Structures are given as C-alpha cells and as structure tokens.
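Just a sequence and a predicted model for now, questions to come.
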Amino acid sequence: MFKGITDNPQHSQWIFYDTHFTRNDILNLIKLENQPEQFRKYIIENILVNWVQKDASENRNEVFVDQLCQLYRFMNSQNYTAEQKSTLMSLAYEIFIKSMEKKMTQIDSFNLLKQALHEQTKIFSTQTIPIFTQQHCKNVIDFIKGSFYRYYSLYELTMTKFIDLNIYSNYKFDNNFPQLQSLSSGKKIDNPAEVPALKYLFNKIQENEHEDEYDEEQDQHQTEQEQEHIDQDKDSPKKRVLTGEDLLIQQYVDNKLNNYNQDVQNKVVQSQEQVLEQAQNIINPPKKK
C-alpha cells in the first residue's frame, strides 16, 4: 500500500511526498551530490535500511542504488524542486519494490507507474497543489522507459533469490532380499495338501470346484426350463389364418424380405467372384501386350 496522508482517504494511497525519501533526506543528498560514495552510502543506510535487512545480497543493493542515482541525476537535469524530488524518488522506490517482490509483468508495472504519476497531477486537498504537470509526467515516463523498463528482465533476474537445496534420501530400513535356496536343496512332496503353508491354497481350490459344480447344476436346470417352454410352444394351437387385408400386408412384407435376401445373396456371390478373380490375377498375372 502506498503511504501518505491527505484530507481525502480515497487518494491517500497515491501520496508519495515525504514518505520513503523525506524532504530532509533530499536536502541531505543535495549536500552530498559532489561526494558519490557518501551519496550512495546515505541512501543505503538511511533509505534502504529496511529493504537491505531483508536482502543480504550486496549486488542487489548496488543495482537498486544505481537505479535511484540515475533517477536523481535526471531530476537535477530538469531542475526539480526538493518536493518534486522527494515525491518522484519515493514513487520510484515503491514501484521498484512492488514490481520485483510481487513478480509483476513489465506491462503491469508500467501501467502502475503511469497511474501513480497521473495522480500526482491532481489536487488532493485544499492545502496542496499538484506536484507534477502533464509535461513532467511525460518526461519521467520517457526516462524510466529508457532506463528501468529497457532492462526490466535483467532487473528481474538480478533481484531473484536463488536457493540451493541438497536433498538426501533417509533409509529407515535396508531393502535386502531374503537368501533363496537352490532347487537342488529341495525335496519332493508326495501330497502338497499336507504342507501347512499350502493347506489354505488347496482349501480355496476345493471351494472353487464346489462353486463350479453348483453353477453347472444351475445352468442345466435353466436349460431344462427353457426346453420345456419350447415344447409348450410347439404343442400350442396354431396361429390364426390371415385373411383379407392382413393377408395382403403379410404377402407384401414377405416379398420385400425375399427380394432383400436375394439382393444380399447376389452381392455376396459377386464379391466372392471379384476376390477370386483378383487372387487369380495375382497368381497368374496377365501378360503385357
């Protein structure tokens, strides 16, 4: 969440003036402009102190400071006031941290920057005036596009923390196979069913055999019942003789079925003849003229 205080809570998240880089910090940096080493040291020890504590990598700290120093030199070339420097440095700090820590895409980060800059052109309360004009915002966006976003993927790689893990397997017991005896050391068993270890297996075999016998009896009984129904159908009186219109319909259906069966039979014979002819051509190919 962006820091700041305003009469309108709706705009409080977009207030950057006197937050990460206070006005006093900017005044101290102005005094150190001709002392580059002290200038960088002041930023690390007073501005980035909380971020440095979370990240022990010296390279990452230097990369972050380089980005802020480039922005400060740009603001000097544009004759920005201390208030404008405080606002823009704090804004850049927030954008950089959020983009890297939340793994934002370059497009999302750039959109966030444009929105934050646009908010600095508005009047937040009766006691404040806009920090930047539209021209200021355009110049800042052009500069950051050519510096930070031009090498955004490199910043992402530099700020990524790589952790080396050593993974070891912890064996709680040895997976040793039992020593097997050779076939020559065995002896012949006349009645395997008497072996205690095999007794359960033979009992299961006998149970399965009884189940199979029961199934056969059931099948035979079912077959006998079906045969009885067939015999009863044979002994039942004949169906009524069709006459009149019913007879004509039955004859029409029978003719259609006979024609269909005849067509199928002809096609089967024709197909068989074609297959035989093709096979004969393969065995005895016709001579070329």
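Received, thanks.

switch to C-alpha atoms for all contacts and neighbour counts from now on
Fine.

So which residue is smack in the middle of the chain?
residue 103 (17.7 Å; Cα atoms, centre = their mean).

Setting aside sequence neighbours, what's the nearest residue to that one?
Among residues not flanking residue 103 along the chain, residue 156 sits closest, at 7.8 Å (Cα to Cα, 6 or more residues apart in numbering).

Could you verify my assumption that that neighbour touches residue 101?
No: counting by Cα atoms under 8 Å, residue 101 is not a contact partner of residue 156; they are 9.3 Å apart.

Compare the two (neighbour count), which wins?
Using other Cα atoms under 10 Å, the more surrounded residue of residue 156 and residue 101 is residue 156, with 17 against 11.

Now the more buried one: which helix or strand?
helix 152-159 (DSSP states H and E).

Residue 104 now?
Using DSSP H and E, residue 104 sits within no helix or strand.

number of nearby residues for residue 43?
Neighbour count of residue 43, defined by other Cα under 10 Å: 17.

what are the ranges of the helices in this protein?
Taking DSSP state H, the helices of the chain run over residues 23-31, 36-42, 49-54, 58-77, 82-101, 106-119, 134-147, 152-159, 196-235, 245-283.

rank those by pLDDT, which is bottom?
Ranked by mean pLDDT, the helices of the chain end with helix 49-54 at the bottom, a mean of 62.

okay if I get the helices of the chain as CSV plus distance to residue 181?
Listed next are the helices of the chain as CSV, based on distance: least, Cα to Cα, whole Å:
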stretch, distance to residue 181
helix 23-31, 85
helix 36-42, 78
helix 49-54, 64
helix 58-77, 65
helix 82-101, 64
helix 106-119, 69
helix 134-147, 77
helix 152-159, 61
helix 196-235, 17
helix 245-283, 60
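
hey, which of those helices is tucked in deepest?
Comparing the helices of the chain by mean neighbour count (mean count of other Cα atoms under 10 Å), helix 82-101 ranks first with a mean of 20.
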